[in-house]
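# Predicted model, plus sequence, below.
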Amino acid sequence: MIQRGSNVMIAGAMLLGVVSLGGCATKKYVNEQVGVVSTRVADHDARLAGLDASTRQAMERADAAGKLAEGKFVYSMVLSDDSLKFPASKANLSPETQARLDAFASKLKTENKNVYVEVQGHTDASGSKEGNYRLGAERAEAVRRYLNLQGVPLNRIGTISYGADAPVAPNTNRAGRQANRRVVLIVLS
């Protein structure tokens, strides 16, 4: 019986030793894995901080640009169908239009040397939406090219087509459609 009791104690001690050794190995493994995860978390936090800083800088630049643009509108000039005389569905400049653009370019070169000109092309609602955007862009680009030929640098002129999206009159009659076929020149400093 003593023999049996000592065998049980030896088996218990061995079992306790195995569990203890297993616990130590598990503790070491856990510590290693926690260290790896901690390193990854630190790297991730550093990347997030970098992104946060670059986002903050981008927002600061956008705010500064917005503040710079505020109050910089100088004047605008509307060239409607009666002064531009665009043929229907065409973007050709008439001699009358060229004369008005000559005067505008001369004013830009003498009075407003460091300005930016936005040329907005508009159409009436007749035709397809895509066709109206294309036509508005072609008319704005024709004005841009002509102003460049008169000495206004291309980097100071931008174009945009609104097509039929920004009417100034109803498109239900001829006079309204004629008023909507226009080019607007916005001068910004």
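Thanks, I have it.

# All the helices of the protein, in order from the start?
Ranges of helices in the chain, per DSSP state H, are 2-69, 81-84, 95-110, 129-149, 174-180.

# By mean pLDDT, show me the worst of these.
Lowest mean pLDDT within these: helix 81-84, at a mean of 54.

# Domain map for this protein?
1-70, 72-188 (automatic domain parsing).

# what comes up buried for stretch 129-149?
By neighbour count on 16 or more other Cβ atoms under 10 Å, the buried set for stretch 129-149 is 132-144, 146-147. (Glycine included, C-beta is placed from N, CA and C.)

# And those, which is closest to residue 107?
residue 147 (11.2 Å; Cβ to Cβ).

# how near is the closest one to residue 187?
Using Cβ to Cβ, to the nearest Å, residue 147 is found at 11 Å from residue 187.

# Next, show the common contact partners of those two.
Counting by Cβ atoms under 8 Å, 6 or more residues apart in numbering, the contacts common to residue 147 and residue 187 are 108, 117.

# Pull the number of nearby residues for residue 119.
Around residue 119 there are 23 other residues, counting by other Cβ atoms under 10 Å.

# which residues sit in contact with it?
140-141, 143-144, 147, 157-160, 183-185.

# Then residue 168?
Taking Cβ under 8 Å, 6+ apart, one finds 122, 179-180, 182 in contact with residue 168.

# Residue 183 contacts residue 141, doesn't it?
No - contact criterion Cβ atoms under 8 Å: residue 183 and residue 141 do not qualify, at 10.2 Å.

# what do the two both touch?
119, 121.

# end to end, how far does stretch 160-175 reach?
24 Å (Cα to Cα, to the nearest Å).

# Likewise for stretch 156-172?
Span of stretch 156-172 from end to end, Cα to Cα: 36 Å.

# And stretch 105-119, by the same measure?
13 Å.

# buried stuff in that stretch?
Buried positions in stretch 105-119, judged by neighbour count with 16+ other Cβ under 10 Å: 105, 108, 112, 115, 117-119.

# between these, which is nearest residue 29?
Distance ranking of those against residue 29, using Cβ to Cβ, places residue 118 first at 65.8 Å.

# In space, what's closest to that closest one - neighbours in sequence excluded?
residue 186 (4.3 Å; Cβ to Cβ, 6 or more residues apart in numbering).

# what about that neighbour, how many neighbours?
18.

# tell me, how many neighbours does the residue nearest to residue 109 when sequence neighbours are not counted end up with?
Counting by Cβ to Cβ, 6+ apart, residue 109 lies nearest to residue 151, which is 5.8 Å off, once chain neighbours are set aside. Using other Cβ under 10 Å, residue 151 has 10 other residues around it.

# Residue 40 now?
Neighbours around residue 40, by other Cβ under 10 Å: 10.

# do the same with residue 170
Number of residues near residue 170 (other Cβ under 10 Å) recorded here: 12.

# how much space between it and residue 180?
As judged by Cβ to Cβ, residue 170 and residue 180 stand 9 Å apart.
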